[in-house]
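Peer 1: Got a sequence here, can you model it:
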Amino acid sequence: MSLLKVTNLTKEFGTFTALDRISFEVKSGEVFGFIGPNGAGKSTTIRVLLGILKASKGEVKIFNKDAWDDAVEIHKRIAYVPGDVNLWPNLTGGEVIDLFAKLNGTVNKARRDEFIKRFNLDPTKKCRTYSKGNRQKVALIAAFCSDADFYILDEPTSGLDPLMENIFQECVLDIKRQGKSVLLSSHILSEVEKLCDRVCIIRQGKIIETGSLNELRHLTRAHMLVQTKQPITGLDELTGIHEIDHKEQGVSFQVDTEQIDLVIRHISQFGIVKLESAPPTLEDLFMRHYEGTEGTGVGGVK
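Peer 2: Predicted coordinates for the structure are as follows:
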């Protein structure tokens, strides 16, 4: 069952097309990764989902309601965390969390205190004294405390240290186990890889690919390191072999996934002593899509 369904969504700003007929859906009980560099259209898409921007063309349905016309009803069942959180400077973190809880109509103090402890936040400090990471914690605690059915998280771990990132990942998996759905927009690819059931890659306002990680890995290559009793010959003549590097510990190379069987058959005749094979990561997949694209990168995406 689809909780979110985006169909041919187009968003134009004058003559500039920010989103060009994009379509995807998020199913009930899944974590859906929405990835791409800054400027690809992720945040614009999320603003349309939240009813902040009106689509130029196409349709966005959340809980089978229109994202623009029924935004008030939809917001009662969603939680949203932006990548850059601004808070009321004269309120304490605890007061902000309580305010959001009251707006949602559900105040569960035990649950609130549990998340404050998990994220190691001092709720008595004024928001103006908080670092970016602590402001992010306030928004995450407020979201996870709510009894939402759909969580929209736009670069939610921006500013968090690695320990807090792990806590965040545990919280996402907890709400997934409760049957809730999550749209996670991120360029931290290891995070997406750990959490997401399916991934959608957006580039320059267009969807490139959507599918599970296994379905998308046909687009990239596995990494292999091989030691053999005899020197390997003829490797560079095989189809689907890339970036061969002869090292002291053996020969390393990349191989197109569909050619692995052929490569194993070839190298086995030289007497395999050691064979290491790492599946392609989401980062590999991402880099292949954006290879040669000016102004993009991973980790420090422009």
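Peer 1: where does the residue of the chain lying at maximal distance from its centre fall, helix, sheet strand or coil?
Peer 2: In the chain, the residue that sits farthest from the middle, by C-alpha atoms, centre = their mean, is residue 230; the gap is 43.7 Å. Three-state assignment for residue 230 (DSSP: H, G, I helix; E, B strand; the rest coil): coil.
Peer 1: Skip the chain neighbours and tell me the closest residue to it.
Peer 2: residue 270 (4.6 Å; C-beta to C-beta, 6 or more residues apart in numbering). Where C-beta positions appear, they are placed from N, C-alpha and C, glycine not excepted.
Peer 1: What residues does that neighbour make contact with?
Peer 2: Contacts for residue 270 (C-beta atoms under 8 Å, 6 or more residues apart in numbering) come out as 228-233.
Peer 1: ok, which stretches of the stretch 151-300 of the chain are helices?
Peer 2: Using DSSP state H, counting those that start in this stretch, the helices of the stretch 151-300 of the chain run over 162-177, 189-195, 213-216, 260-268, 282-290.
Peer 1: For residue 263, give me its contacts.
Peer 2: 224, 235, 238, 240-241, 255.
Peer 1: make it 6 Å
Peer 2: Neighbour list for residue 263: residue 255 [criterion: C-beta atoms under 6 Å, 6 or more residues apart in numbering].
Peer 1: List buried members of the contacts of residue 270 by neighbour count.
Peer 2: Listed as buried from the contacts of residue 270 are 228, 232; burial here means 16 or more other C-beta atoms under 10 Å.
Peer 1: biggest separation within the contacts of residue 270, which pair?
Peer 2: Farthest-apart pair in those is 229 and 233; separation 13.2 Å (C-beta to C-beta).
Peer 1: Tell me which helix or strand in the chain has the weakest average pLDDT.
Peer 2: The weakest-scoring helix or strand in the chain, judged by mean pLDDT, DSSP states H and E, is helix 282-290 (a mean of 74).
Peer 1: Report the buried residues of that one.
Peer 2: Buried-residue list, helix 282-290, by 16+ other C-beta under 10 Å: 282-287, 289-290.
Peer 1: of all those residues, which comes closest to residue 265?
Peer 2: Of all the buried residues of helix 282-290, residue 284 has the smallest distance to residue 265: 23.7 Å, by C-beta to C-beta.
Peer 1: Name the nearest residue to the closest one, sequence neighbours excluded.
Peer 2: Closest to residue 284 by C-beta to C-beta, 6+ apart is residue 220, at 4.4 Å.
Peer 1: The stretch 1-150 of the chain: helices as residue ranges?
Peer 2: Counting by DSSP H, counting those that start in this stretch, the helices of the stretch 1-150 of the chain are 42-49, 71-75, 93-104, 109-118, 132-145.
Peer 1: quick one: which of the ones you listed is nearest residue 171?
Peer 2: Nearest of these (C-beta to C-beta): helix 132-145, 5.2 Å.
Peer 1: mind listing what's buried in the closest one?
Peer 2: 133-145.
Peer 1: what does stretch 268-277 give?
Peer 2: Buried residues in stretch 268-277 (16+ other C-beta under 10 Å): residue 270.
Peer 1: Likewise for stretch 240-257?
Peer 2: So, applying 16+ other C-beta under 10 Å, buried residues of stretch 240-257: 241, 250-251, 253-256.
Peer 1: need these in JSON lines with pLDDT and distance to residue 114, can you?
Peer 2: Listed next are these as JSON lines, based on pLDDT from 0 to 100; distance: C-beta to C-beta, whole Å:
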{"residue": "241", "pLDDT": "91", "distance to residue 114": "52"}
{"residue": "250", "pLDDT": "89", "distance to residue 114": "49"}
{"residue": "251", "pLDDT": "93", "distance to residue 114": "51"}
{"residue": "253", "pLDDT": "92", "distance to residue 114": "49"}
{"residue": "254", "pLDDT": "89", "distance to residue 114": "45"}
{"residue": "255", "pLDDT": "91", "distance to residue 114": "47"}
{"residue": "256", "pLDDT": "86", "distance to residue 114": "47"}
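Peer 1: out of the residues you listed, who's nearest residue 207?
Peer 2: Once C-beta to C-beta is applied, the member of those that ends up nearest residue 207 is residue 256, at 23.4 Å.
Peer 1: was I right about the closest one contacting residue 241?
Peer 2: No. Residue 256 lies out of contact with residue 241 (C-beta atoms under 6 Å); the separation is 8.1 Å.
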